[in-house]
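Participant: Task: produce atomic coordinates for the following.
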Amino acid sequence: MALAKSPVESSAEHLNINISAYRVLYILLLLVQYRSLNVIELNRFLYENALIQRIYNTETLTKYINTLREVGCRIPRASNRNDYSYDLLKTPFPLRLEAEERAIAEKLLGQLCRQPDEMLCNDFREFLEKLAWCVECPPLSEEEHAEHCLQPFPELEARKKLLNTYRRYCQDAFTLDVRYHPEDAPLRELLVEPHEVVERGQHLMLVGTEQRSQEQISLDVARILSAKQLPSKNRRQVTQTVVVFALYGRLAKSYRLYPGEKIIYRAAEECHVKTKITEPSGLISRLLKYGPSCQVLSPEAIRKTMHQRIEQMLTALTLNVPET
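Facilitator: Just a heads-up that it's a prediction; the model follows:
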């Protein structure tokens, strides 16, 4: 008398698959996704799979892992040195990276190392280290990294120091006693609640709230004569505004996202970009440069501000047109 088949075995037969081969391939998929899994984690995924729904002992899992080793997967033995995990040291399906592409990546790394924002360089290097796992070329050595990341000019070192200093002020969230000397204006004494530091062209701008007037202000960091942290914390939390703008035509195809931006809609000749801002004037000034290829979709307050800026520009142009 034949034994009744389990629902899992019946499902596998219905799909015409070899369930043992499926388990091996599914374990490979998990290791490619997570690169390292211990026995408990691996069994949890196997149990949650509708076509498997079983937990296996270490001996059975080792047999499946050995099958993967036999076809070239680099998976060392699980031991106390790696917390008894199965580690996939290299992807079994490597991508090919041409020498020219690697050279471009190295040059870009070198350029980022010469920027004042160290996070750009660190993020890109972390990306390259992840990329090295799935391509047929070794990661950059410390010597290669040092070769491409030469020390920047003294001016950039000073700019980097300013950026890091004022970013730290924003993270600490203490009120700043600031002596600020604007261009073509008298010296000002300000109490500033710092929110963030943004780059506008060649200028680093400290965005915050002036505590006495409660006005949103942007200060050119290079024109701050002194900034002293006071014992009081910022009185209110930083509020961010979500802005969505549309880009059209060639700009929609070639636009490069700024930090914090993401595309939420894309078509052949149009894309919509979402971003969060604490101070709108910088974003509005940038979007105005795109002319008719750009429009703000939301919120309505930013749309109105954009419209007013355009009206002001048109009025100024009309006034400057010579009479005929």
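
Participant: quick one, longest strand in this protein?
Facilitator: With secondary structure taken from DSSP state E, the chain has its longest strand at strand 188-200.

Participant: Only C-alpha atoms, please: export the very next helix or strand once past it in CSV.
Facilitator: Helices and strands here follow DSSP states H and E; after strand 188-200, the next one along the chain is strand 203-210. What follows is strand 203-210, C-alpha atoms only, in CSV (Å, rounded to 0.1, in the frame of the first residue of the first chain):
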residue,chain,number,x,y,z
HIS,A,203,29.6,78.2,-1.3
LEU,A,204,28.9,76.3,1.9
MET,A,205,25.7,77.5,3.5
LEU,A,206,24.6,77.0,7.1
VAL,A,207,20.8,76.7,7.1
GLY,A,208,19.1,77.4,10.4
THR,A,209,16.7,79.5,12.5
GLU,A,210,17.6,82.9,14.0
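
Participant: picking that back up, show me which residues of the longest strand of the chain are buried.
Facilitator: If you call a residue buried by 16 or more other CB atoms under 10 Å, then strand 188-200 has these buried ones: L190, L191, V192, E193, P194, H195, E196, V197, V198, E199. For glycine as for every other residue, the C-beta is placed from the backbone atoms N, C-alpha and C.

Participant: what's the answer for stretch 257-275, then?
Facilitator: By 16+ other CB under 10 Å, the buried positions in stretch 257-275 come out as E261, C271, H272, V273, K274, T275.

Participant: and F245, that one's in a strand?
Facilitator: Yes: according to DSSP: H, G, I helix; E, B strand; the rest coil, F245 belongs to a strand.

Participant: And the residue nearest to it when sequence neighbours are not counted, how far from A246?
Facilitator: Counting by CB to CB, 6 or more residues apart in numbering, F245 lies nearest to V296, which is 4.8 Å off, once chain neighbours are set aside. Going from V296 to A246 by CB to CB, to the nearest Å gives 8 Å.

Participant: And the two? Which one has more around it.
Facilitator: Ranked by neighbour count (other CB atoms under 10 Å), V296 and A246 place V296 first, with 21 against 15.

Participant: Just to confirm, what confidence does the model report for that one?
Facilitator: Here, the pLDDT recorded for V296 equals 93.

Participant: host element of it?
Facilitator: Using DSSP H and E, V296 falls within strand 294-298.

Participant: Quick check: what element follows that strand along the chain?
Facilitator: Assigned by DSSP H and E, the successor of strand 294-298 is helix 300-320.

Participant: picking that back up, pull up the pairing partners for the strand holding V296, direction included.
Facilitator: Strand 294-298 sits in its sheet next to strand 241-248 (antiparallel), going by DSSP bridges.

Participant: Report the angle between the partner strand and helix 300-320.
Facilitator: If you take axes from the mean of the first three to the mean of the last three CA atoms, to 10 degrees, strand 241-248 sits at 60 degrees to helix 300-320.

Participant: Heading C-terminal from strand 241-248, find the next helix or strand.
Facilitator: Counting by DSSP H and E, the next helix or strand C-terminal to strand 241-248 is helix 249-254.

Participant: Now do the contacts for V39.
Facilitator: Contacts here follow CB atoms under 8 Å, 6 or more residues apart in numbering; on that basis V39 touches T58, L61, A78, Y84.

Participant: Can you pick out the most distant pair from those residues?
Facilitator: Within the contacts of V39, L61 and Y84 form the most distant pair, 11.0 Å apart (CB to CB).

Participant: Between those two, which is the more surrounded one?
Facilitator: Taking neighbours as other CB under 10 Å, L61 and Y84 compare with L61 leading, 20 against 13.

Participant: would you put the C-alpha positions of the helix or strand containing S232 in PDB?
Facilitator: Element membership for S232 (DSSP H and E) is strand 224-233. What follows is strand 224-233, C-alpha atoms only, in PDB (Å, rounded to 0.1, in the frame of the first residue of the first chain):
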ATOM      1  CA  ILE A 224      31.200  83.500   9.700                       C
ATOM      2  CA  LEU A 225      33.900  85.200  11.800                       C
ATOM      3  CA  SER A 226      33.200  83.100  14.900                       C
ATOM      4  CA  ALA A 227      30.600  80.500  16.100                       C
ATOM      5  CA  LYS A 228      30.400  79.500  19.800                       C
ATOM      6  CA  GLN A 229      28.100  76.700  21.100                       C
ATOM      7  CA  LEU A 230      25.800  77.800  23.900                       C
ATOM      8  CA  PRO A 231      24.400  75.400  26.600                       C
ATOM      9  CA  SER A 232      20.800  75.600  25.200                       C
ATOM     10  CA  LYS A 233      19.600  73.100  22.700                       C
END
